[in-house]
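Visitor: kindly return the folded structure for what I paste below:
(one chain, ligands or ions: 1)
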Amino acid sequence: SYNIIIQSQNDPPVYDDEQEGLKEQIKIYFSHVVAEDTPKGLAAQRFADLVEEKTKGRVKVIVFPNGSLYSDKDEIEALRKGKVQMIAPSYSNVAELVPEWEVLDLPFIFQNDDNVERVLTGKIGEELLSMLEPKGFKGLAFWGNGFKQMVNSQMFMKNPDDFKDQRFRIMPNKVIKKQFNMLGAEPIALSFDQVYESLEEEAFDGQENTISNIYSKRFYQFHPYVTISNHGYLGYVVMVNETFWNQLPKDVQKQIMKAIEETTAWNMKQSKQQNIRQLEEMRQNPNIHIHTLTEKERKKWQERFVPLYQEYEAKYGKLLKEIRNAAS
Ligand code: LMR
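Guide: Residues are numbered from 1 along each chain as shown. Just a heads-up that it's a prediction; the model follows:
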């Protein structure tokens, strides 16, 4: 049976299937933490619409944005327990489960959006997704948001030394923590839903995030110095509870996969355009200051990260090589 067991007050409302005459309807609760008008928010809704259309209403995907159901700290556990059926956490957040995925957060591992797309939608992408299976999850696809930039309350981050003693909010991820330690900064791991209120309390001086996240949550109000560094990529893994997935009729699985594939192709283009458009809008705002890292500055950052690459070459050299080959 596909009925969802309601266990706590935080769970979504129960739908009265009998009354709606939809006894056979399969419901997928899709929980995520960002705003609706972001690459992930828009992709989730598009996927929901496509699934409903393709299955003629037999499957209903109900999207809960803005962490309204679960924060990124709790959503993986909620998926494991079957309280929701689908989530799309950043793969940085999932690396705690699958340590190999840390390589995806190495600074400057991806040069541009095409690199990202080639790696994550190809054979390596599949290989990475299969690593979720022993953990009880099925990974359906990678979605993109965009490249991360550095924002700060009072200065640009031009040189590695500019990071010294600066408190930076990070996602809980080992390689991101190491990156900021190497820059001499103080990384503070915090889930996304806590960022805004911590900003109000001035709990940190800067963070790394994509333009669409900075724009949609208005983080620039607190951190108006934006350094366009494109040093890391923020991407997502769309995942379902494996037991739930295996219970679905084969034809339903097939339609869901079709909807995922269409959404992924759309998302890769949409996310790129949205980040470009919103950066342009931010440039029009006189209160926001923007500096694009020069080639020379970028080289200095990269030199700083040599020991980090040495460490990961030793640990996951084969995977790194595969990623580099697939990217080029
Ligand atoms: C973050 O924590 O900054 C991101 O993972 C949020 C998101 O899901 O885009």
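Visitor: per-residue confidence at Ser328?
Guide: Note on Ser328: pLDDT of 82.
Visitor: check which helix or strand the closest residue to it other than its chain neighbours maps to.
Guide: Among residues not flanking Ser328 along the chain, Asn115 sits closest, at 7.7 Å (CB to CB, 6 or more residues apart in numbering). In this view, the C-beta of every residue, glycine as well, is placed from N, C-alpha and C. Assigned by DSSP states H and E, Asn115 belongs to helix 113-120.
Visitor: do Leu234 as well
Guide: Assignment of secondary structure by DSSP H and E places Leu234 within strand 225-241.
Visitor: which parts of the following helix or strand past that strand are buried?
Guide: Per DSSP H and E, strand 225-241 leads on to helix 242-247 as the next helix or strand towards the C-terminus. Neighbour-count burial for helix 242-247 flags Glu242, Phe244, Trp245 (criterion: 16 or more other CB atoms under 10 Å).
Visitor: which residues are in contact with the spatially most central residue of the chain?
Guide: By CA atoms, centre = their mean, the chain has its centre lying nearest to Ser90, at 2.7 Å. Residues near Ser90 by CB atoms under 8 Å, 6 or more residues apart in numbering: Asp72, Asn145, Met171, Leu234, Gly235, Tyr236.
Visitor: let's go with 6 Å and repeat that
Guide: By CB atoms under 6 Å, 6 or more residues apart in numbering, the residues touching Ser90 are Leu234, Tyr236.
Visitor: flag every residue of the stretch 201-328 of the chain that's near the ligand.
Guide: Asn209, Asn213, Leu234 (CB under 6 Å from any ligand atom).
Visitor: so which of those residues is the closest to Leu199?
Guide: Distances from Leu199 to these, taken as CB to CB, are shortest for Asn209 (11.7 Å).
Visitor: burial count for that closest one?
Guide: Counted with other CB atoms under 10 Å, the neighbours of Asn209 add up to 25.
Visitor: helix, strand or coil: sort out it for me.
Guide: Here Asn209 is recorded as strand under DSSP: H, G, I helix; E, B strand; the rest coil.
Visitor: what bridges to it?
Guide: Gln149 (DSSP bridges).
Visitor: if I look at it, how far off is Met157?
Guide: 13 Å (CB to CB, to the nearest Å).
Visitor: now for the two: what residues contact both?
Guide: Counting by CB under 6 Å, 6+ apart, Asn209 and Met157 have no shared contacts at all.
Visitor: picking that back up, what comes up buried for the strand holding Leu234?
Guide: So for strand 225-241, counting by 16+ other CB under 10 Å, buried means 225-227, 229-241.
Visitor: nearest to Gln111, of the residues you listed?
Guide: Asn230 (8.5 Å).
Visitor: I'd assumed Lys148 was in contact with the closest one.
Guide: No: look at Asn230 against Lys148 with CB atoms under 6 Å: they stay out of range, at 7.6 Å.
Visitor: hmm, back to that, take the residues of the stretch 201-328 of the chain next to the ligand and write them to JSON lines, including pLDDT and distance to Ala203.
Guide: As requested, these are arranged in JSON lines below (pLDDT from 0 to 100; distance: CB to CB, whole Å):
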{"residue": "Asn209", "pLDDT": "98", "distance to Ala203": "15"}
{"residue": "Asn213", "pLDDT": "96", "distance to Ala203": "18"}
{"residue": "Leu234", "pLDDT": "98", "distance to Ala203": "21"}
